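Got a sequence here, can you build the structure:
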Amino acid sequence: MSTTTKEMDNYQLGIHRLGRITSAIIVIALVAVPLVMTIKSGIKIDIGTTVKGFIGIFSLMGILTFVEFFSYAPLLGAGGLYLSFITGNTINMKLPAAMSSVKLAGVEQGSREAEVISLIAVAVSSLVTVVILTLGMIGMSFLLPIMQSPQLQPAFANLMPALLGALATPMFFKDKTAIKAASVPSLIAMAISLGIGFAAFAQMTSLAMPIFMAIAVAWRYVLYKSDLKKAEKA
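Just a heads-up that it's a prediction; the model follows:
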């Protein structure tokens, strides 16, 4: 085993150990806040209502979290995934920051170098978010009227398409295979979005993500078999 490989293995072990510890601390802290507030206020916990609420939320967020784990892990790496799930706002902030950083560094997506760069990008993005939120809370009375102005509302409403478009467009122009692979899933998604409306389609995220992942894999397999047949004829 080379020194580099050994160091990377130690790095991975350290990341998973630290990730599990910090994740456990976050879970305990999240549960502790409402628990302490309930005890201090003397409010009795209705177990039946709590279980019903948990089942309702878990039926939606449980599926979404499961899908997100397998979707984001190859892009963020272990360290980036731990940190993203702890700090939140993965798809809006952490994932674009990680993908852009890996691309600017010129390393292969999914490589060991990309995993380290992704972790650094997510960490910096988290720190920037904390700083911006802190400044926002301090100056909220001045910023809130501006952010809620009718002139800026269209910008906030289209934040997600803008981010995805900025990330997807360079990839499509750079790699023709990516255009073919994304064509069918994208066309189906656009047709559904136009048919039922973007707002309604956005509410189906937990259901739509696994379905479109399956569609993307199936369509990529069709392209793969087609490429094999062309190679055999050539």
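
And residue 25, how close does it get to residue 52?
Counting by CB to CB, to the nearest Å, the gap from residue 25 to residue 52 is 28 Å. Just so you know, the C-beta spots here come from the backbone N, C-alpha and C atoms, and that holds for glycine as well.

got a list of contacts for stretch 114-132?
For stretch 114-132, the surrounding residues in contact (CB atoms under 8 Å, 6 or more residues apart in numbering) are 11, 15, 75-80, 83-84, 87, 89, 93-94, 97-98, 100-102, 105, 107-108.

actually stretch 137-145, sorry about that
Against stretch 137-145 from outside (CB under 8 Å, 6+ apart): residue 136.

Check which element follows the longest helix seen in the chain along the chain.
If you go by DSSP state H, the chain has its longest helix at helix 47-87. From helix 47-87 onward toward the C-terminus, using DSSP states H and E, the following helix or strand is helix 95-105.

what sits against residue 201?
Per CB under 8 Å, 6+ apart, neighbours of residue 201: 189, 192, 193, 208.

Could you report the pLDDT at it?
You'll see residue 201 listed with a pLDDT of 76.

What strand or helix carries it?
helix 198-202.

Buried ones in that helix, by neighbour count?
Across helix 198-202, burial judged by 16 or more other CB atoms under 10 Å covers residue 201.

Can you list the low-confidence ranges for the chain?
Counting by pLDDT under 70, the ranges of the chain that qualify are 1-5, 7-8, 56, 59-60, 63, 160, 167-168, 170-176, 205-206, 234.

And the helices in it?
Ranges of helices within the chain are 3-41, 47-87, 95-105, 112-138, 140-147, 153-157, 159-174, 176-196, 198-202, 205-233, based on DSSP H.

Determine the set of other helices and strands touching the second one.
Spelled out, that is helix 47-87. Judged by 3 or more CB pairs under 8 Å, 6 or more residues apart in numbering; DSSP states H and E, helix 47-87 is in contact with helix 3-41, helix 95-105, helix 112-138, helix 205-233.

what's the answer for the third one, then?
Using 3+ CB pairs under 8 Å, 6+ apart, the elements in contact with helix 95-105 are helix 47-87, helix 112-138, helix 159-174.

can you redo those helices as CSV with mean neighbour count and distance to residue 220?
Shown next, in CSV, are the helices and strands packed on helix 95-105 (neighbours: other CB atoms under 10 Å; distance: least, CB to CB, whole Å):
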stretch, mean neighbour count, distance to residue 220
helix 47-87, 15, 14
helix 112-138, 16, 21
helix 159-174, 12, 15
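
Arrange the ones you listed in TSV, one row each, with distance to residue 213 as further columns.
Listed next are those as TSV, based on distance: least, CB to CB, whole Å:
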stretch	distance to residue 213
helix 47-87	7
helix 112-138	20
helix 159-174	15
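
for these, which one sits closest to residue 6?
Proximity to residue 6, assessed across the helices and strands packed on helix 95-105 by CB to CB, is greatest for helix 112-138 (12.4 Å).

could you give the angle of the closest one to helix 140-147?
In terms of direction (axes from the mean of the first three to the mean of the last three CA atoms, to 10 degrees), helix 112-138 departs from helix 140-147 by 110 degrees.
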